[in-house]
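Trainee: dropping a prediction and its sequence here:
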Amino acid sequence: MSGKVAVVTGAARGLGRAFTEALLKRGDKVCFCDVDVQQGKQTENELKKNFGDDNVQFLPCDVQKDEEFKDFFNRVIQKYNTVDIMVNNAGIMNENQWRTTIDINLTAVIHGSLLAMNHMKNKSTGGGLIVNVSSLAGVMPVSFCPAYTASKHGVIAFSRSWALQPELKRNRIRITCLCPSFADTDIIKGTDDRVHGPELARMVMKQYGLMVFPYPNDQTLYFEIVVSTLNPYYVAFDSENSHLYWTGRTLGKINRCNPNGSDPTTIVDVSIPVALTLDTHNSTQNSIALHKVTFDGKANQVVVNLTAWPIDIEIGMSVIYMLIKLKYYRYHIMSV
Ligand SMILES: NC(=O)C1=CN([C@@H]2O[C@H](COP(=O)(O)OP(=O)(O)OC[C@H]3O[C@@H](n4cnc5c(N)ncnc54)[C@H](O)[C@@H]3O)[C@@H](O)[C@H]2O)C=CC1
Ligand SMILES: CCCCCC(=O)/C=C/C=C\C=C\C=C\[C@@H](O)[C@@H](O)CCCC(=O)O
């Protein structure tokens, strides 16, 4: 599944840079943009050293500016002839600049997705993957940053709606959202001046925990898996609901739902959101995998079959949680 051409927006640093590295490690070629030209060039130099001059390129672009974004995208096509993977990652969080927050986090994601779709449906090889970076704030209200939260909800609504479009399926284009929890990047630095109620923000971050970044089991892992879904052999999707939400949030530890660790089938009572009060990101030792998720039709129960398949439980639990939250009853994840 390597050898694809990918675009990543806002990748001079943070999660975008990590996604870029994840793609480069797979053997893809990546063209990334950022409004921060100095940081973009520095990152480009560092990545070229590790991954080769021809495989990665930085181009300055402010995704808020329609023409600039379009030109950037066209320049990638000119250089590489194609775009197979489009990662709309650029984002900010500033409640004092709520309009800009919406413009970058939502309007530009819509624009980037449409640029990618138009290209992907017309290209001769056909198909592609669009990864839109939302947030856990895209699936729940967050009182200290309402505009940011609205933008991230919008990203999910937009992506889910397109994912149901027959036209997209016909053209073998998959659209996906990532929903990270708090990760220790620049976006959460100096938060006090940019949120309503900094104390609450600090408290929630403490409660949820910060994904230390980079982290061996951080968002890039989820990202790699999402990208690998280009290969249907790895993770199978319901054909009518071909999009998935990953979150970095640890929603439960395996011993919570499977106390003796032996029974591979466990009933999780999902009416109690135990996960939301649990510690985060410390369960990486438990390398127990999600094998299959099925819904038994009862309102608050989900049957989880776990096998010793080397994917972290964090992922499994996150998926389960999201399925429940989003009432994604038709969804099946299958092991290889
Ligand atoms: N770090 C976190 O806790 C979480 C982050 N996210 C999302 O992940 C994405 C990446 O954020 P981080 O890496 O955490 O933050 P970051 O601040 O480290 O990186 C964001 C990048 O986007 C660039 N950018 C901002 N505005 C731009 C524009 N108009 N045009 C082009 N580039 C622009 C910035 O220069 C920066 O390089 C964002 O969409 C953010 O909302 C989602 C959930 C949690
Ligand atoms: C502050 C910067 C946010 C940018 C990074 C981001 O997108 C991260 C979001 C991650 C999770 C957010 C979860 C928030 C949950 C709370 O809203 C919920 O626990 C309720 C807390 C009580 C309240 O009244 O807000």
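Mentor: Great, that's in hand. Ligands and ions are numbered 1, 2, ... in the order given.
Trainee: so which residues of the chain form strands?
Mentor: Assigned by DSSP state E, the strands in the chain fall at 5-9, 29-34, 56-60, 85-88, 128-133, 173-179, 245-247, 265-269, 289-295, 301-307.
Trainee: low pLDDT regions in the stretch 151-300 of the chain?
Mentor: 164, 179, 208-300 (pLDDT under 70).
Trainee: find the nearest non-adjacent residue to V35, please.
Mentor: Residue nearest to V35 in three dimensions, not counting chain neighbours: D62, with 4.4 Å by C-beta to C-beta, 6 or more residues apart in numbering. Using the backbone N, CA and C atoms, a C-beta is placed for each residue, glycine as well.
Trainee: ok, that neighbour touching E68?
Mentor: Yes: assessed by C-beta atoms under 8 Å, D62 is found in contact with E68 at 5.5 Å.
Trainee: which helix runs longest in the protein?
Mentor: helix 146-163 (DSSP state H).
Trainee: now for that helix, which elements pack on it?
Mentor: helix 98-102, helix 108-122, strand 128-133, strand 173-179 (3 or more C-beta pairs under 8 Å, 6 or more residues apart in numbering; DSSP states H and E).
Trainee: what about that helix, near ligand 1?
Mentor: No: residues of helix 146-163 are not located near ligand 1 by C-beta under 6 Å from any ligand atom, the shortest gap being 6.8 Å.
Trainee: count the residues that sit near the closest residue to D66 other than its chain neighbours.
Mentor: Nearest residue to D66, sequence neighbours excluded (C-beta to C-beta, 6+ apart): H111, at 6.4 Å. Neighbour count for H111, taken as other C-beta atoms under 10 Å: 19.
Trainee: tell me the pLDDT of H111.
Mentor: In this prediction, H111 carries a pLDDT score of 98.
Trainee: could you do L23 as well?
Mentor: L23 carries a pLDDT score of 89 in this model.
Trainee: which residues does it contact?
Mentor: K4, A6, V8, V30, I85, V227 (C-beta atoms under 8 Å, 6 or more residues apart in numbering).
Trainee: which of those residues sits closest to N105?
Mentor: N105 has its nearest neighbour among the contacts of L23 in V8, at 15.5 Å by C-beta to C-beta.
Trainee: tell me the pLDDT of the closest residue to ligand 2 within the stretch 51-200 of the chain.
Mentor: Using C-beta to the nearest ligand atom, the single residue of the stretch 51-200 of the chain nearest to ligand 2 is S135, 3.2 Å away. At S135, the model reports a pLDDT of 80.
Trainee: just give me the neighbour total for the residue lying closest to it once chain neighbours are set aside.
Mentor: Take S135 and drop its neighbours on the chain: the residue closest to it by C-beta to C-beta, 6+ apart is K152, 4.3 Å away. By the measure other C-beta under 10 Å, the count of residues near K152 is 29.
Trainee: and G3, by the same measure?
Mentor: 9.
Trainee: check the one 4 residues further on too.
Mentor: When counting by other C-beta under 10 Å, one arrives at 29 neighbours for V7.
Trainee: distance of it from ligand 2?
Mentor: Using C-beta to the nearest ligand atom, to the nearest Å, V7 is found at 22 Å from ligand 2.
Trainee: close enough to count as contact, that residue and N89?
Mentor: No: applying C-beta under 8 Å as the test, V7 and N89 come out as separate, 9.8 Å apart.
Trainee: quick one, what contacts G154?
Mentor: G154 makes contact with I102, N105, L106, according to C-beta under 8 Å, 6+ apart.
Trainee: can you get me a residue count around the last one?
Mentor: Using other C-beta under 10 Å, L106 has 23 neighbouring residues.
Trainee: how many other residues sit next to T149?
Mentor: If you count neighbours by other C-beta under 10 Å, T149 ends up with 23.
Trainee: sorry, wrong one. I was asking about Q38.
Mentor: 10.
Trainee: from I156, how far off is it?
Mentor: 32 Å (C-beta to C-beta, to the nearest Å).
Trainee: can you get me a residue count around N74?
Mentor: N74: 12 neighbours (other C-beta under 10 Å).
Trainee: just R13 next, same as before
Mentor: Neighbours around R13, by other C-beta under 10 Å: 17.
Trainee: and it, what does it touch?
Mentor: D34, D36, Q39, T43, T185, D186.
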